[in-house]
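Visitor: Could you work out the structure for the sequence below:
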Amino acid sequence: MISATPSESSRGAEVAGTALASMVIMCCGVVTGLIAARSLGPSGRGELTAIVVWASVLLYAGTLGIPEAVAYYAATERALRDRVWATGQASAVMLGLLVTLAGWWLIPSILGEGTALTTSARWFLLWFAVPCLGSLCAGAWLQGAGFLRAFNISRTTTSVVYAVAAVMLLAAGSHSVRHFAVAMLVAETAKWLVAGSLGPLRPALAAGPSSHLARRMLHYGTRVQFGSWANAANVRLDQLLLSVFATAASLGLYVVAVSYASLLLTIPSSASFVMLSDIVRHHRAGTARACLEQWYRRLLWATLLAAAVLAPLGAFVVPLAFGGDFRDAVPLGVLLVPATAILGMNQILST
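Guide: Numbers count the residues shown, from 1 in each chain. Here you go, the predicted structure:
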């Protein structure tokens, strides 16, 4: 049974803590983005993006909504939370392996047989799929169960570890795309370990996964999978197409523009993490519509105000931060800021 609705003060503290975690992630993203751009240049930055984006999209296409199902059942089935955690992790391992097998066959047919990019993308997917999906399910459990402090710690792990690794690569003078890709894999594995350690590891191992619960989670997850896949495609389709049809340098410029515009997503994404359990409670009470209207109205004005400030600053910030080689990314960034505002509000509706 779901606990009573939290007070406004506790909800405000949760939003503030989540916003702080989002700020840490954003700052780490700025650090890693700057280091990767300056160390690899437009061409290398584009190559790294192509490697990562194909692995990410293939994985999200094959999640079958399991992370969302884990969050939902962790929020609504208090008595089964340990079993939800175990079932989610077992599902993550199996789905991760299936995605890896499918991607190993699919990637060469898209990027070309025997190319260096194809080889790198396949090996990245091999070491990325299971840890990433495992960490997604573990984090979703923490979010759905209402352990937002642990959830925020787990979700910042990837960014912090990758930022530390990027600084180390910068200090070593590395200009290797492979080194940065390995750093990402290490960071994703670290997140899985941290999120797993913050969850009910021992009780979940004792409870074990449940095939009956897995079927229920799959039924729920497949119903939300279309929305999740559409959102992932909306974010990644442009980069997928550029990785196939454009030069690596063009993709590198575009990625920098996206990175700058994505600063705006901090506001709606922070709120959506806290909003999920709130919406579930109000849905069960029959008051979800009023809850959504309140969240959406406040976040719309906050996001629009931030966009009005962020767009004109791009002309100064992008060349200064990323270097003169990325000056051509400024017009793209200005165009992408209002688009990102719309994306952020769609994120709220998706939640």
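
Visitor: pLDDT weak spots in the stretch 151-300 of the chain?
Guide: Low-confidence segments of the stretch 151-300 of the chain, defined by pLDDT under 70: 227-235.

Visitor: Which stretches in it count as helices?
Guide: Listed in chain order, the helices of the stretch 151-300 of the chain (DSSP state H, counting those that start in this stretch) span 177-198, 201-207, 211-245, 248-261, 266-285, 288-322.

Visitor: what sits up against the second one?
Guide: I take that to be helix 201-207. 82, 83, 85, 86, 89 (C-beta atoms under 8 Å, 6 or more residues apart in numbering). (Each C-beta comes from the backbone N, C-alpha and C, glycine too.)

Visitor: hang on, the earlier thing: so which of the helices of the stretch 151-300 of the chain gets nearest residue 38?
Guide: helix 288-322 (7.1 Å; C-beta to C-beta).

Visitor: Check which helices and strands the closest one sits against.
Guide: When contacts are defined as 3 or more C-beta pairs under 8 Å, 6 or more residues apart in numbering; DSSP states H and E, helix 288-322 packs onto helix 8-61, helix 248-261, helix 266-285, helix 330-350.

Visitor: Name the residues of the second one that are buried.
Guide: What that stands for is helix 248-261. 248-249, 251-261 (16 or more other C-beta atoms under 10 Å).

Visitor: relative to helix 177-198, how tilted is it?
Guide: Orientation of helix 248-261 against helix 177-198 (axes from the mean of the first three to the mean of the last three C-alpha atoms, to 10 degrees) gives an angle of 40 degrees.

Visitor: contact partners of helix 248-261?
Guide: 29, 33, 37, 40-47, 49-50, 238-239, 242-243, 246, 310, 314, 317-318, 322, 326, 328-330, 332-333, 336-337, 339-340.

Visitor: what's the distance between residue 340 and residue 78?
Guide: Using C-beta to C-beta, to the nearest Å, residue 340 is found at 37 Å from residue 78.

Visitor: These two: which is more packed in?
Guide: Neighbour totals were compared for residue 340 and residue 78, and residue 340 leads with 25 against 14 (other C-beta atoms under 10 Å).

Visitor: got a pLDDT number for the more buried one?
Guide: Looking at residue 340, its pLDDT stands at 86.

Visitor: thought it was touching residue 268?
Guide: No - Residue 340 is beyond contact range of residue 268, at 9.6 Å (criterion: C-beta atoms under 8 Å).

Visitor: returning to that earlier point: and among the helices and strands packed on helix 288-322, the most buried is which?
Guide: helix 248-261 (a mean of 24; mean count of other C-beta atoms under 10 Å).

Visitor: Reformat the helices and strands packed on helix 288-322 into JSON lines and put distance to residue 221 next to each item.
Guide: What follows is those, written out as JSON lines (distance: least, C-beta to C-beta, whole Å):
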{"stretch": "helix 8-61", "distance to residue 221": "12"}
{"stretch": "helix 248-261", "distance to residue 221": "28"}
{"stretch": "helix 266-285", "distance to residue 221": "15"}
{"stretch": "helix 330-350", "distance to residue 221": "14"}
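
Visitor: so which of the ones you listed gets nearest residue 74?
Guide: Between residue 74 and the helices and strands packed on helix 288-322, the shortest gap by C-beta to C-beta is with helix 266-285, which sits at 9.3 Å.

Visitor: elements contacting that closest one?
Guide: helix 8-61, helix 66-76, helix 116-144, helix 148-172, helix 288-322, helix 330-350.

Visitor: okay, the ones you listed in TSV with distance to residue 198 next?
Guide: As requested, the helices and strands packed on helix 266-285 are exported to TSV (distance: least, C-beta to C-beta, whole Å):
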stretch	distance to residue 198
helix 8-61	13
helix 66-76	13
helix 116-144	6
helix 148-172	4
helix 288-322	26
helix 330-350	24
